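Asks: The sequence and its predicted three-dimensional model are supplied below.
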Amino acid sequence: MKRSYKLQDLDCANCASKMECDIQKLPGVDSARISFMTSKLTIEADADEFDRLLDEAQSICSRYEKDCVILH
Amino acid sequence: MTKKQKRWRNRIIVALIIFAAIFTGELTGAIEHAFGEKDALYVEFALFLIPYLIAGYDVLAEAGRNILKGHGLDENFLMSVATIGAFALVFFPDSGPHTAEGAAVMLFYQVGELFQSYAVGKSRQSISDMMDIMPEFANVMRNGQLVQVDPNDVAVGDEIIVKPGERVPLDGTVIAGRSQLDTSALTGESVPRSAHPGEEVISGCINLNDTLTVRVTKPYEDSTVSRILELVENAADKKAQTESFITRFARYYTPIVVGLAAMIAILPPLLGAGPWADWVLRGLTFLVVSCPCALVISVPLSFFGGIGGASKLGILIKGSNYLEALSQVDTVVFDKTGTLTSGTFEVTTVAPSASVSSEQLLQWAAAAEAFSTHPIAQSISRACAAPIDAAKITESSDIPGQGVRVCYEDDVILAGNGRLMDENGIPYTPSDFVGTQVHVAVNGQFAGTVVIGDVVKPDAKEAVSALYRAGVRTTVMLTGDQTSVANAVAADLGIAEVRAELLPHEKVEQVEALLEHDGAGKVAFVGDGINDAPVLMRADVGIAMGAMGSDAAIEAADIVLMDDRPTQIARAIKVAHKTMRIVWQNIVFALGIKFAVLILAALGIANMWMAVFADVGVAVIAILNAMRAMRTKGL
C-alpha cells in the first residue's frame, strides 16, 4: 500500500534527492518518492512494515537535514 | 517567515553588525594602530572569529556530526573546510590576511541560505494557494439538523447542502435549487455555469447565488477535486529529462570539484609552482563553488511552477516530462468531433424554396420528425421555435432508408433524403451546404431543405491559428466523418491535413505513421477522451479535453484540459515553452557563472567573495527566475 507524509523543515533540494535515494534502498520499500516542492514523502510498502520503515526513514532524513521531521 | 527562519535571521543580523564593526576597524587601520602591525593579524583573527561563530556555529556543528557519522561532502562540510581554511592561512607566514574573507564567506553563505529557504517557502506557499480548491467541509442533515462534516465521511447517495459562497465538496447531482457556479479555480474559465435540478455538479466549484441540495455520486477520494490535487502533486514524480540530467550531474559535480580543489591546493606547490598559501586559497575558493544547489532547486521548481501555473488555467499536466515534451511539439493532431466541433448536431442552414418562409419550413420538418428519437430529428425540434402539437399528427410512417411521411393539419409532409423525393417524383434542388440534408415536401410540392451539421466550436479557428503562432509546424485532423464534411471544416479552420472516413483503429495507425514520419518534433493528439483512449496513449503527448468528470480521459491522457475550449491547447504549449526557457536560462546561467569562477579561481583571479556569489547569489537569482514559471496569466 501507498502512504504519504508531510516533511517538516525540508530545506535542501539536494538533500531531498539523497534522502529519496537512500529510503528507496531500505529493505521492504517497494518505492519511495520525495517531492521537494510539496514537502511530501510517499512510500509504497507492506502495510505492517510502515512502523519500522518510518523510523528508518526518519533517521535517514535527520542524517541529511537535522531539523527535518516526518509528520505522522 | 517561520520561527526557525526568524531566529536564523536575527542571528545573521547580529553577526553582520559585529562583522561590519571589525571590518571598519581593519580598513581604517584602527586595529593596526592599537596593537601594532605584527600582533594586529592575530587580533583580527580572534575578532573575526566572533561573527564567524555566531553566524556559522550550526554549519560547523553539522559538518562535525557528518564527519563522525562518515557522511562527508555535504554543503556544511565544504563550507566549513573552506572557511576554516581561510582562517588557518593566518599561520602561513608568507600569505596576506584572509580572516575577513573567511568570516564573510560564512556570513554570506548563511544570508543566501536563509533567503533560499525563504524563497522556497514562498513558492511552496504560492503553489499550494494556487491549488486551494480543497473543500474543508460538507453540510449534511443529521437528525434534522444541518451539521458540517469532513467530506471524507460523506457516502455516495447522501444529500448535501451547498450554501452560496461555499465550495461544492463532492461530485453529485443537483436535486433542488437553481444557482450559478464559479468554475474558474478548476477550468480557468471566468463565465459561471448554471446549475439546475438534474444537472451534475463538480467538486471544487464555488456556489454563487442560491442554496443547492446535491445528491453525492462519488466518494471524496474519487471526486474531481481529489483527483486534480492528486494528479498535480504526483506530477513531480514523472521527471523531465532535463531534471534527471541535473540530478545525475549534481551527483558527479561535487566530488569532481572537490577533487580538483585538492589537486590545486597540493600539486602546484609540491612542484614548486608558487607558495602554499596562494594555491591553498585557490583550492578553498573551489570548495565554495562546489555545491550544485542552484540547479538542484531551481530546475524542479521551474517545472513545478509551470505545472502549477497551468493548473490555474484549467490545464492539468501529469508530469514534468510531458511539459518538456509539449514544448517540443511540432505536429498537433485533432480528433474532429468533440474537439474542434461541439459533437452535437444542430440545424446549420434552413433553405426554403421560393414561396416558403424559414419558420414554416422548420415547422413542417419538426412535425414530420416529431415521433423520431434520432439525434437529427431532435436537433430539428430544438431549432423549431413553436412546439409541435402531436395531436394534430394524424398519420405517421417510417420509410426505411429514405425518411418519414406524416399527415399534419391536413397536409401530407414528406421529409427525408434525395431518394425519398425521387421515389415520389418530386423535383428538388439539392443544396450545396455541407452536412446532412433533410428535404421537405408538402402535398407533393418541394418546400425546401434543412441542413444539419456538427457545429464548429466558436474558438476553434482562433485555436488553430494560435497553434501556428506558438510554433506548431503542422496540424492534422482525423475523423470518421465523410470526406466532404471533413474537408469543409478543415478549410474553414485552417487545418493543413485531413484524414477522413477513418475507423477508430485507423486513427491509431494514422498517429503511428505521423510518429514515424516525423523525426524531430513531437506529435500531440487532442481528443475528447471518450473513445480515443488508445490514440491518446500512443501519441507523444495525449491531450484530453472537456474532461471534467470523465475518468477514462483523465486516466489515458498526459495532459487534461478541464473545459472544452480548443484555444487551451496553444496556451498549454506556451506555458511549456515559457517553463523550458526558464529552465535553460537557469542551467546556462548557473553553470556559466560557476565554471567562470572556477576557471578564474584556478588562475588566481577570483577570490572568495566571487565564489560565494557564484554559490548562494546564483542560487537565489535562479530561484527568483524559476518562480516566474508560475505566472501564466497573460499566456
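Replies: Ah, there it is.

Asks: Residue numbers of chain B in contact with chain A?
Replies: Applying CB under 8 Å from any CB of the partner chain, we find that chain B lies next to chain A at B:2, B:4, B:62, B:65, B:69, B:71, B:74-75, B:113, B:116-117, B:120, B:123-124, B:127-128, B:233, B:236-237, B:247, B:250, B:291-293, B:296-297, B:300-301, B:304. Just so you know, the C-beta spots here come from the backbone N, C-alpha and C atoms, and that holds for glycine as well.

Asks: Weed out the non-buried ones from those.
Replies: B:62, B:74-75, B:113, B:116-117, B:120, B:123-124, B:127-128, B:233, B:236, B:247, B:250, B:291-293, B:296-297, B:300-301, B:304 (16 or more other CB atoms under 10 Å in any protein chain shown).

Asks: Out of these, list just those in helices.
Replies: Counting by DSSP state H, those place B:62, B:75, B:113, B:116-117, B:120, B:123-124, B:127-128, B:233, B:247, B:250, B:293, B:296-297, B:300-301, B:304 in helices.

Asks: how about the closest residue to B:I206 other than its chain neighbours, what does it touch?
Replies: Leaving aside its chain neighbours, B:I206 sits nearest to B:D182 (4.3 Å; criterion: CB to CB, 6 or more residues apart in numbering or on different chains). Going by CB atoms under 8 Å, 6 or more residues apart in numbering or on different chains, B:D182 touches B:P192, B:C205, B:I206, B:N207, B:L208.

Asks: so what's the closest residue to the first one other than its chain neighbours up against?
Replies: Closest residue to B:P192 apart from its sequence neighbours, by CB to CB, 6+ apart: B:Q180 at 4.1 Å. B:Q180 makes contact with B:P192, B:R193, B:S194, B:A195, B:L208, B:N209 under the criterion CB under 8 Å, 6+ apart.

Asks: Neighbour-wise, which one of the residues you listed leads?
Replies: B:A195 (26 neighbours; other CB atoms under 10 Å in any protein chain shown).

Asks: if I look at it, how far off is B:G204?
Replies: Distance, B:A195 to B:G204, using CB to CB, to the nearest Å: 13 Å.

Asks: One more: B:G634?
Replies: Distance, B:G634 to B:G204, using CB to CB: 24 Å.

Asks: More neighbours: which of those two?
Replies: Using other CB under 10 Å as the criterion, B:G634 and B:G204 rank with B:G204 on top: 29 against 5.

Asks: That one contacts B:S226, doesn't it?
Replies: No: with contact defined as CB atoms under 8 Å, B:G204 does not reach B:S226; the gap is 9.3 Å.

Asks: Quick check: chain neighbours aside, which residue is closest to B:R178?
Replies: Of all residues not flanking B:R178 in the chain, B:H196 sits nearest, at 5.4 Å (CB to CB, 6+ apart).

Asks: What is the strand or helix carrying B:A40 packed up against?
Replies: Using DSSP states H and E, B:A40 sits in helix B:30-69. The contact analysis (3 or more CB pairs under 8 Å, 6 or more residues apart in numbering or on different chains; DSSP states H and E) places helix B:30-69 against helix B:3-27, helix B:75-88, helix B:99-130.

Asks: Identify each buried residue in it, please.
Replies: For helix B:30-69, the neighbour count (16+ other CB under 10 Å) marks B:31-32, B:40-41, B:43-45, B:47-48, B:50-52, B:54-56, B:59-60, B:62-63, B:66 as buried.
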